[in-house]
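Participant: pasted the sequence and its predicted model underneath.
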Amino acid sequence: MAGSDETRRIIIGLGNPGRKYRDTRHNVGFMVVGELVGRLGLSAGRSAFEGELHDARPTTQGESRRVALFQPMTFMNRSGRAVSELVRFYKAEPNDLLVVYDDLALPVGALRARPGGSAGGHNGLKDIIQALGTQDVPRLRVGIGSPPGRMDSADYVLQRFNKEQKEEIGVSIQQAADAAMDWVFNGIDYVMQKHNRKGETTGNE
């Protein structure tokens, strides 16, 4: 299990704020949190800890959990500042967090959960690890594929999905939201067993 029933689980979706970056590949984490907000029927979030925060108490099979859904609004590379403020306020431990973000090393639509490890080149997670002082931060990576040809990775992640990818990433976001809820109620090991797909490029694993 992820902890006791009264432990607050915190799902953090990474992205960049503003209309310019909406629906870009780098904002997959924001999209997953948005999917969860819709599923849970939550109203507009509140501005807190340099981000947008929703509090929820989802229930399944008679069990409920306290959950915070958070989107840092500090821009991707400064995510750690907002997350560390949130963690201090809730007196949370790193394993109470699930960071959801995009990954170039995974094909579009693939999911990969891990209990910790290096940032694998993702600057948002890197900043969170530095701010919290530990790599033991559970995370859920959502594949966005690699840039074609010689395109720079920084340009690729700030583009929107092409027509062929839109349907696939839409399904992936729903599956990532499923995985996040599985984490809330059952923990990271359960998510890894259920949602990690075999036989694919695993990047920093």
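Facilitator: Sure thing, it's come through.
Participant: so, low pLDDT: which residues of the chain?
Facilitator: 1-5, 197-205 (pLDDT under 70).
Participant: what distance do you get for residue 154 to residue 126?
Facilitator: The gap separating residue 154 from residue 126 is 15 Å, by C-beta to C-beta, to the nearest Å. The C-beta positions use only the backbone N, C-alpha and C, and glycine is treated the same way.
Participant: more neighbours, these two?
Facilitator: Legend: neighbour count by other C-beta atoms under 10 Å for residue 154 and residue 126, higher for residue 126 (18 against 10).
Participant: quick one: the strands in the protein?
Facilitator: 9-13, 46-48, 51-56, 59-60, 63-64, 67-72, 97-103, 111-114, 139-143 (DSSP state E).
Participant: so in terms of bridging, what pairs with the most centrally placed residue in the chain?
Facilitator: By C-alpha atoms, centre = their mean, the chain has its centre lying nearest to residue 100, at 1.1 Å. Listed by DSSP bridges, the beta-bridge partners for residue 100 are residue 13, residue 140.
Participant: can you tell me which residues contact it?
Facilitator: 11-14, 28-29, 32-33, 139-140, 142, 176, 180 (C-beta atoms under 8 Å, 6 or more residues apart in numbering).
Participant: can we see that at 7 Å?
Facilitator: Neighbour list for residue 100: 11, 12, 13, 14, 29, 32, 140, 142, 176, 180 [criterion: C-beta atoms under 7 Å, 6 or more residues apart in numbering].
Participant: gap between the closest residue to residue 23 other than its chain neighbours and residue 26?
Facilitator: With sequence-adjacent residues excluded and distances taken as C-beta to C-beta, 6 or more residues apart in numbering, residue 23 is closest to residue 160, at 5.3 Å. Residue 160 is 10 Å from residue 26, where distance means C-beta to C-beta.
Participant: when these two are compared, which one has more neighbours?
Facilitator: The neighbour count for residue 160 versus residue 26, taken as other C-beta under 10 Å, is higher for residue 26 (23 against 13).
Participant: ok, back up a step: turn the strands of the chain into a markdown table, including distance to residue 87.
Facilitator: Listed next are the strands of the chain as a markdown table, based on distance: least, C-beta to C-beta, whole Å:
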| stretch | distance to residue 87 |
| --- | --- |
| strand 9-13 | 8 |
| strand 46-48 | 13 |
| strand 51-56 | 12 |
| strand 59-60 | 25 |
| strand 63-64 | 22 |
| strand 67-72 | 10 |
| strand 97-103 | 7 |
| strand 111-114 | 19 |
| strand 139-143 | 15 |
